[in-house]
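Peer 1: No letters, just coordinates:
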């Protein structure tokens, strides 16, 4: 038996300017030689089938089968406990995932530290024109400089008032209301792997905000060492990773394909602009083209 | 405003020989004229975007967008309450879905009725050779006759002993242990639509046992009247309904396609027999062929 | 049948300076004449016992019995949907309750409005000396005046920079990080009554922060009209409401009581100061005294 | 560091005639010398307060404080994985607890073994007259003998028909419907300690069926070694363990007490027979008497 934590080369991964993700514990923690945490998934799954330990090859195949067919419960057998430090506006997105056990620093109980996420000028992004909840490109350098400074100055001012209020005896639970959303908070996050993969799929996705993707990627870097076969299957089969979903409408388009058209697929039977554009994008990924 | 229950033509749907699914209540219950329960999903989702009511077309498009992109939380805004009577061996599969509110007849408190699921000879299926947890085809007629009778006789005997024990004063909570798994039980099942769709996807699927599919189909028949746009999107976009998932390996196979090969796609780069056969099946559905 | 919403005299209750709680929908929505939503609880519970409708008296007794004995699942049969506007630092406490369906205004998608919780000078509280996460009393008037103004000024400045950044093209998802935690947010909150009562017990309690108690009290004011028998039982039997828990140690103290000591109960067999003081407090509530 | 499993002297505890509970894994698994799993609870809780490791005394006090005040989230930091073999009618009660990760033997995939819970004559209990869902006392010896034999015979017959059907090619998923509810099943059960304590409180209680109490007691025997301070606090403070809840009505009765009445407390202001009898029982436990 050996310690599963030894599988993870970097137990603390820095995120943004002052944050981090640290793996604190994992279940299963003690593993038979030559195994990873994937082991617990097979153990769980095999009970259903009343079989004992199998060859390495069969274990990997089993995990891939479970992932492919959405037999999700065995992935709940792995539990991962993280220590996370992230800005509050990021943690608010993170905590929308309701399936974890969470303990956070209390700003009622403790004085918050003077730690804010301060994007450098080059970290400031421009509003996306096409995606109302996204960003793309950068903003003019001089503006970026000014706003980066302004953020810093506002944080300094807020924190000064926060400190003043505390010194004057204002209760911590009220004084903290003046602190901005880029204040760093810290929490333990304990979650089973099934739910964690769901979080990772959504938060590593290109549509997620950059600042949360940094954290999702850091967690991914930890999990891929703990459960490598699961992560390989996740990457191969999850439609937010490297798989693609062909909708019913797109299936019909495929069926209307004839090789005479070389690699040109017809458009889907829908006037929805977004859906048509999604189809064109998917077809391209598969090596086909779709007319405008 | 009108009563959403009016949307459902058959509020009770019979299942198997003595079971049923009955819709008891739904949230939202009172709807603006011309709306269905889909309405509550749009209401929920639009808050995120700070928009008011929209045209019918935009509402349908919004629901399709939410379903396509896995923005699942607005689908939690619909709540459906069912009254279900099903055999215990089916209810044990059903109750693996942990996301509902459930109240069941108590065999500690009440005397169970003499109601068992008694398959007719032609309802008995043969064990599938290829699928260890499936069935295919039928069994010889004379055997079927015998076993159908045997099931009936066993139920009769068990129930007689059950009654005898109760009359002799044996406690109900123990006497019931003798009753077989095809005994009917009854329960209220209240669940939000997001979780109910997950249940339906898994339990309407061809891999689910026939007896539970009967119930899933009955629920589907109710839900499609309550939230028709959601169900249309579900059918179009869910990979257990009419959509298809193209895995990373299958994507690579597509990319190696050239129109010179007519509609023949290469095999995936894997020796896994099951995965290769799944690929051939999907390719066929898309109008292509894959060599053995 | 009549509309359950008619039970609630004030569907919108204002909270703090700009917030509110609004009841949007409830399940069951259509009720038999003379019934309240308590009705659905009895319906759920009676299935377990295979009984039909009962007299009003028996229904009330059943609800009290279920509450007293922690038979909690029938209370899940009521679902309440709220529209809530509250400051972010309050919503972060609120959202620790993971058992609801939630849809919140997105600061990635929408420009946040210039609405902050601005406590008046007399609303600022002093830090409690005895309770590290509480407050008690007020702070000197001149300080209160100054800090109330400072909070307002900081919000004004933050919002100005927020607007400037948006105008300069900075993406909304980043610009919002400068806004302070007293910014108002808005969300739909849909939760079953069992889980909502748990939230209310914890958040109406004297140990909860004043600002969240305001919201919990507002929700309580709504729920008590929808399910009056449940609320009466909740008040009578919940130890965070009007019931008291006598611990094992305190039971032993009771057993050592003799009427000769008038109404003086012995201390518990523990040196824990907090626990001893809790005992003295409880004894007082029961009409006894406990020596220092 | 040492292995937390070493804390448990008996890792497998036999239950009923053929069942068992086995502890398979626990989180935290590797502990600092001198610590138990209680350690993880303190670690979780202290983050909220931003404090480091404390003295043993303070740790125990902290755990007692968290339990007393219903600060439940730190108890979610311990995860326990069990391997359980129990009769199906017991497992159906057990699985009403929806907060665990569960993998069960599949009777679609595997042939079920010839293992039934066969109560000996002296294990058969009589129906309680006062409690519709309970049992008390025994039944006449000759009846007990007869019914114990009948149960055994019915199981033998059912299993014979089950085997016959399988041999005739009937699919496993249907053939199993003939097996009675005392058939043994087996499953992995992984649950955090907070939820497990809730299960234990309800299922160790005198109102729970004897057959499930056997399992709850076995789990308790395991957990008390893993997290001894938590279990001590649980026993002291949980009202289904050794604490008592004094309802609002009972508080009023206490307040009307005068020492002149020796230790006689008045009845509560309610005509509810059950509630009056509960009060008399509680008063007795506290060393008082209540008139009929």
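Peer 2: That came through, no problem. What you are looking at is a predicted structure, and each value in this text was computed from that prediction instead of being measured.

Peer 1: Looking at the stretch 51-200 of chain A, what residue ends up closest to chain B?
Peer 2: residue A:61 (6.2 Å; CB to the nearest CB). Quick note: C-beta positions are derived from backbone N, CA and C, even for glycine.

Peer 1: Run a quick check on that residue versus residue B:272, I expect a contact.
Peer 2: Yes. With contacts counted by CB atoms under 8 Å, residue A:61 reaches residue B:272, the gap being 6.2 Å.

Peer 1: Give the residue from the two that has the larger number of neighbours.
Peer 2: residue A:61 (20 against 17; other CB atoms under 10 Å in any protein chain shown).

Peer 1: got the residues of chain A near chain D?
Peer 2: Proximity of chain A to chain D (CB under 8 Å from any CB of the partner chain) is limited to residues A:3, A:25-30, A:40, A:43-45, A:47-50, A:73-74, A:76-77, A:79, A:81, A:83, A:101-106, A:109-110, A:186-188, A:190, A:192.

Peer 1: Give me the PyMOL select line for these, limited to the buried ones.
Peer 2: What follows is the PyMOL syntax for the buried subset of the residues of chain A next to chain D, where burial is set by 16 or more other CB atoms under 10 Å in any protein chain shown:
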select buried, chain A and resi 25+26+27+28+29+40+43+44+45+47+48+73+74+76+77+79+81+83+101+102+103+104+105+106+109+110+186+187+188+190+192
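
Peer 1: Okay, and which of the residues of chain A next to chain D map to helices?
Peer 2: Using DSSP state H, A:40, A:43, A:44, A:45, A:47, A:48, A:49 are the members of the residues of chain A next to chain D that sit in helices.

Peer 1: now, which of those lie close to chain B?
Peer 2: Restricting those to those near chain B by CB under 8 Å from any CB leaves residue A:49.

Peer 1: Check the ones in helices among the residues of chain A next to chain D against chain B and report the nearest one.
Peer 2: Taking these together and measuring to chain B by CB to the nearest CB, the closest member is residue A:49, at 7.6 Å.

Peer 1: Do the longest helix seen in chain A and chain C come into contact?
Peer 2: When chain A is parsed with DSSP H, its longest helix is helix A:141-167. Yes. Applying CB under 8 Å from any CB, one finds helix A:141-167 in contact with chain C at A:143, A:147, A:150, A:151, A:154, A:157, A:158, A:161, A:164, A:165, A:166.

Peer 1: now these as CSV including pLDDT?
Peer 2: Output for these, formatted as CSV (pLDDT from 0 to 100):
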residue, pLDDT
A:143, 95
A:147, 98
A:150, 97
A:151, 98
A:154, 97
A:157, 97
A:158, 98
A:161, 98
A:164, 98
A:165, 98
A:166, 97
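
Peer 1: Who wins on neighbours among these?
Peer 2: Of all the residues of helix A:141-167 next to chain C, residue A:158 has the most neighbours under the rule other CB under 10 Å, reaching 27 neighbours.

Peer 1: so that residue touches residue A:176, yeah?
Peer 2: No. Using CB under 8 Å, residue A:158 makes no contact with residue A:176, being 10.0 Å away.

Peer 1: how many neighbours does the residue nearest to residue A:113 when sequence neighbours are not counted have?
Peer 2: With CB to CB, 6 or more residues apart in numbering or on different chains as the criterion, residue A:113 has its nearest non-adjacent residue at 7.3 Å, and that residue is residue A:184. Neighbour count of residue A:184, defined by other CB under 10 Å: 22.

Peer 1: okay, residue A:259: pLDDT?
Peer 2: What the model reports as pLDDT for residue A:259 is 80.

Peer 1: and the gap between the closest residue to it other than its chain neighbours and chain D?
Peer 2: Of all residues not flanking residue A:259 in the chain, residue B:262 sits nearest, at 4.5 Å (CB to CB, 6+ apart). Residue B:262 sits 40 Å away from chain D, going by CB to the nearest CB, to the nearest Å.

Peer 1: Over to residue A:122?
Peer 2: 33 Å.

Peer 1: where does that residue land in three-state SS?
Peer 2: Put simply, residue A:122 is helix when judged by DSSP: H, G, I helix; E, B strand; the rest coil.

Peer 1: pretty sure it is in contact with residue A:147, am I right?
Peer 2: No. Counting by CB under 8 Å, residue A:122 does not reach residue A:147; the two are 11.8 Å apart.

Peer 1: returning to what we had before: Serialize the ones in helices among the residues of chain A next to chain D to CSV and add fields for pLDDT.
Peer 2: Listed next are those as CSV, based on pLDDT from 0 to 100:
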residue, pLDDT
A:40, 96
A:43, 93
A:44, 92
A:45, 93
A:47, 85
A:48, 75
A:49, 71
